[in-house]
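> Predicted model follows, preceded by the sequence.
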Amino acid sequence: MKIRRLPDSLVNKIAAGEVVERPASAVKELVENALDAGARTISVDLRDGGAALLRVTDDGHGITAEELPLALERHATSKLARDEDLDAIATLGFRGEALAAICAVSRFTVTSRARGAAEGLRLGGEGGAISQRLGVPGEPGTTVEIHDLFFNTPARLKFLKAPVTELSASLRTIAQLALAHPATQFRVTNGGRAVLTAPAAADLRQRIGALWGWETTERLLAVDRAEHGVRVAGWASPPDVTRGSRDDVVLIVNGRPVRDPALLQAVLAAYRPLLPRDRFPLVVLAVTLAPYDVDVNVHPTKAWVRFRQPRLVQEMLVAALHEALRRPGVVPSLGAAPTGPAAVAEALAPGAPPSEQAALFQEAPAPYTAARFGRVLGQVQETFIVATTDDEVFFLDQHVVHERVVFEQVRAQLDAQPLASQALLFPETLDLGPAARALLGRWRAPLERLGFAFEEFGADAVVLRAVPTLLKGDEPKRLVEAVLEELGDPKAGEPTLDRALAFVACRAAVKANTPLAPEEMERLVADLELTETPYFCPHGRPIVSHVVMRAAAARRGEPARIMRAAAARRGEPARIMRAAAARRGEPARIMRAAAARRGEPARVMRAAAARRGEPARIMRAAAARRARDESWRGYTSDDA
């Protein structure tokens, strides 16, 4: 076959195949053009998710009538002038081929009026060929209207998803651009119905609240770290606020949302010891660095980028997230009706644990103080440790507390040497199926570092010769079955020491419904204070919930309750009763309480009867008391 030059129409269709994969791709390119034009308001109108109609309107600086036809040609742009400009790209678009590629596979209308121009220009056509040119009045800005996307490329049209799926992809793209540019207002409709509205926001947090909801936004943690010319700023969820997909992990590089796999892995690595399986955080992080330190010209849709120092950027992401995840703000609040420390103390199990309970810690007891969680009050339902400060009450799940402590203590030991093993007196033969043997082979290295010892026995069997000392009380075969079940999730990814260590820590930790001695609870809370991440266990479950006393009472407008709690701490129960009665308008109750303290039960009864409108009862009670008195006196006289 002879080599020939391809016609322009075919070249444009090939280019469109690289740049425009689906309606969401066209939405992305057109909205990026609007942002580059300095738009402060962008409207996107869709029909069938963008396949039937896609209209993007902006109030940017517009295009002059002389330049508008040139904008529809390939590699025509106002954003690059010299070769050196490619080394420091500061705009979202720069190649000058997106608009031409989109028009090549659609029926299009482009209308634009430059600021200061008397009128605008409208160009229309299909398949990249202009067939209409008309001067029109209009507001400054640009409107690009695309009908019947891929009408002349049936193969690409055939592979489009359902309209709902395409709409979802388009909205996800617009939402990411809206997060990257909070100062710009976005409005999106589909079939004439509003599906996304994001007013101009003062900062990123307000924009997140408009898109994700304020209930979620209030739980997010601020992230801000700058070092070595790289700044990482944004918001990230605590480990107990997660999603089932990566869609809400939004990474922005110099104002450009990217899907860089290395950056995504850095984010997940920061959360890895905390998240449950198959759960992902909500993250919006903006990475800002010098334009010449990042190359965005490495992917047709500019979705991936390349850094001059990729390791530095990844380490900055991990460090910034670790810093945020270790703040006290990650502690979840119970949201239940608060109660004072005195009331909590009354609910605690008063008795000491049974003598046969093995000690949780073997070393001699020592005094500990837990500044973060205050003093330990006791145990509730033999499952939760309750601690309190002057202003807060903390509920700590003893199992996940111990799990976190064991996890970090053992991980520190592993830096020096493998974990201690307990050799089995009688090695156990494990009859494993092919899948289980393959899984054990994948995880064998990290498991042996933790104290397991395996040995091949024939073609199909494996011998278990030792288990970690921490787990020597478990039945060996069931222990290995539990290991393989825990680590056998097909989505678990590559074997990691942390995943295996989390299993060992969970099995070794004290369980629920286990009574603990006061010294053990104090030691457990004190050890938790020393951990790097004291708020979540290695599997991502929250360790601590708390109630803020004064804030909860003030929200319900109960200043008297606050006063009563303060009085209770000072040992003034009578004052509490009087304050409560006065607040409910019951002076009689106050008088009765005072009479009771002075040893006047009769007066108390009469006051109660009077308050209930029972004068007859009062009179009968008084008569009965006089009769008893006379009878007693008569008995005494006769006896004398």
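Perfect, thanks for sending it. Numbers count the residues shown, from 1 in each chain.
> Low-confidence bits of this structure, can you list those?
Scanning the chain for pLDDT under 70 picks out 12-18, 81, 95-96, 273, 276-277, 300, 328-371, 459-460, 489-495, 550-640.
> top strand in it by residue count?
strand 421-431 (DSSP state E).
> on contacts alone, who are the packing partners of that strand?
strand 453-457, strand 461-468, helix 476-487 (3 or more C-beta pairs under 8 Å, 6 or more residues apart in numbering; DSSP states H and E). Placement of C-beta: from N, CA and C, glycine included.
> helix or strand right after it?
Downstream of strand 421-431, the first helix or strand assigned by DSSP states H and E is helix 434-449.
> Tell me the buried residues in that next one?
Buried residues in helix 434-449, counted by 16 or more other C-beta atoms under 10 Å: 436-437, 439-440, 443, 446-449.
> For that helix, name the packing helices and strands.
strand 453-457, helix 476-487, helix 497-508.
> what's that helix in contact with?
Outside of helix 434-449, the residues within contact range by C-beta atoms under 8 Å, 6 or more residues apart in numbering are 414, 418-419, 432, 454, 460, 462, 480, 483-484, 487-488, 495-497, 499-501.
> report the angle between the axes of it and helix 497-508?
Counting by axes from the mean of the first three to the mean of the last three C-alpha atoms, to 10 degrees, helix 434-449 lies at 90 degrees to helix 497-508.
> just the angle between helix 434-449 and helix 476-487, please?
Put simply, helix 434-449 runs at 100 degrees to helix 476-487, going by the same axes, to 10 degrees.
> chain center to helix 434-449: distance?
32 Å (C-alpha atoms, centre = their mean, to the nearest Å).
> export it as PDB, just CAs?
Output of helix 434-449 as PDB, limited to C-alpha atoms (Å, rounded to 0.1, in the frame of the first residue of the first chain):
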ATOM      1  CA  PRO A 434      -5.200 -24.400  45.500                       C
ATOM      2  CA  ALA A 435      -6.700 -20.800  46.000                       C
ATOM      3  CA  ALA A 436      -5.800 -20.800  49.700                       C
ATOM      4  CA  ARG A 437      -2.300 -22.100  49.000                       C
ATOM      5  CA  ALA A 438      -1.800 -19.400  46.400                       C
ATOM      6  CA  LEU A 439      -3.100 -16.700  48.900                       C
ATOM      7  CA  LEU A 440      -0.800 -18.000  51.600                       C
ATOM      8  CA  GLY A 441       2.100 -17.800  49.300                       C
ATOM      9  CA  ARG A 442       1.400 -14.200  48.500                       C
ATOM     10  CA  TRP A 443       1.100 -13.200  52.200                       C
ATOM     11  CA  ARG A 444       3.800 -15.600  53.600                       C
ATOM     12  CA  ALA A 445       6.600 -13.000  53.900                       C
ATOM     13  CA  PRO A 446       4.700 -10.500  56.000                       C
ATOM     14  CA  LEU A 447       3.100 -13.200  58.100                       C
ATOM     15  CA  GLU A 448       6.500 -14.800  58.900                       C
ATOM     16  CA  ARG A 449       7.800 -11.400  60.000                       C
END
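> tell me the angle of that helix relative to strand 461-468?
Orientation of helix 434-449 against strand 461-468 (the same axes, to 10 degrees) gives an angle of 30 degrees.
> The helix or strand where Ala412 lies - contacts with which helices or strands?
Per DSSP H and E: Ala412 is located in helix 398-414. Counting contacts by 3+ C-beta pairs under 8 Å, 6+ apart, helix 398-414 packs against strand 384-388, helix 497-508, helix 518-529.
> Buried residues in that helix, which are they?
398-408, 410-411.
> quick check: angle from it to strand 384-388?
Going by the same axes, to 10 degrees, helix 398-414 makes 90 degrees with strand 384-388.
> Next, the angle from helix 398-414 to helix 518-529.
60 degrees.
> CA atoms only: put helix 398-414 into PDB for me.
Taking C-alpha atoms only, helix 398-414 is exported to PDB below (Å, rounded to 0.1, in the frame of the first residue of the first chain):
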ATOM      1  CA  GLN A 398     -11.700  -1.000  74.900                       C
ATOM      2  CA  HIS A 399     -11.100  -3.500  72.100                       C
ATOM      3  CA  VAL A 400     -10.200  -0.900  69.500                       C
ATOM      4  CA  VAL A 401      -8.100   1.100  72.000                       C
ATOM      5  CA  HIS A 402      -6.000  -2.000  72.700                       C
ATOM      6  CA  GLU A 403      -5.900  -2.900  69.000                       C
ATOM      7  CA  ARG A 404      -4.400   0.500  68.200                       C
ATOM      8  CA  VAL A 405      -1.900   0.300  71.100                       C
ATOM      9  CA  VAL A 406      -0.800  -3.300  70.100                       C
ATOM     10  CA  PHE A 407      -0.600  -2.300  66.400                       C
ATOM     11  CA  GLU A 408       1.800   0.600  67.100                       C
ATOM     12  CA  GLN A 409       3.800  -1.200  69.700                       C
ATOM     13  CA  VAL A 410       4.400  -4.200  67.500                       C
ATOM     14  CA  ARG A 411       5.200  -2.100  64.500                       C
ATOM     15  CA  ALA A 412       7.900  -0.300  66.500                       C
ATOM     16  CA  GLN A 413       9.300  -3.700  67.500                       C
ATOM     17  CA  LEU A 414       9.400  -4.900  63.900                       C
END
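> For it, which outside residues touch it?
Against helix 398-414 from outside (C-beta under 8 Å, 6+ apart): 273, 360, 379, 383-385, 419, 449-450, 470, 497-498, 501-502, 504-506, 508-512, 514, 516, 521, 524-525, 527-528, 531-534, 536-539, 541-543.
> one step back: between helix 476-487 and the longest strand of the chain, find me the angle.
Here strand 421-431 points in a direction 80 degrees away from that of helix 476-487 (the same axes, to 10 degrees).
> who does strand 421-431 pair up with?
strand 461-468 (antiparallel) (DSSP bridges).
> Give me the angle between the strand it pairs with and strand 453-457.
Using the same axes, to 10 degrees, strand 461-468 lies at 170 degrees relative to strand 453-457.
> ends of stretch 146-153, how far apart?
End-to-end span of stretch 146-153 (C-alpha to C-alpha, to the nearest Å): 15 Å.
> Sort out which residues of that stretch are buried, please.
Buried residues in stretch 146-153, defined by neighbour count with 16+ other C-beta under 10 Å: 146-147, 149-150, 152-153.
> I would like the residues contacting it, please.
The set of residues external to stretch 146-153 that reach it, using C-beta under 8 Å, 6+ apart, is 13, 16-17, 20, 23, 26, 30, 50-55, 102-103, 105-109, 126-127, 156-157, 160.
> Could you tell me how far that stretch lies from the centre of the chain?
On C-alpha atoms, centre = their mean, the centre of stretch 146-153 falls 40 Å from that of its chain.
> just stretch 97-111 next, same as before
Using C-alpha atoms, centre = their mean, the offset of stretch 97-111 from its chain centre is 39 Å.
> now stretch 144-155
39 Å.
> end-to-end on it?
By C-alpha to C-alpha, the extent of stretch 144-155 from end to end equals 24 Å.
> Tell me how far Ala117 lies from Glu139.
Counting by C-beta to C-beta, to the nearest Å, the separation of Ala117 from Glu139 is 11 Å.
> Among these two, which residue is more densely surrounded?
Ala117 (15 against 11; other C-beta atoms under 10 Å).
> Which parts of the stretch 101-250 of the chain are helices?
With DSSP state H, counting those that start in this stretch, the ranges of helices along the stretch 101-250 of the chain come out as 154-158, 163-180, 204-212, 214-217.
> could the ones you listed be laid out in TSV, adding mean neighbour count and distance to Pro238?
Output for the helices of the stretch 101-250 of the chain, formatted as TSV (neighbours: other C-beta atoms under 10 Å; distance: least, C-beta to C-beta, whole Å):
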stretch	mean neighbour count	distance to Pro238
helix 154-158	11	42
helix 163-180	21	19
helix 204-212	20	14
helix 214-217	14	11
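> how about those, which one is nearest Thr91?
helix 163-180 (13.0 Å; C-beta to C-beta).
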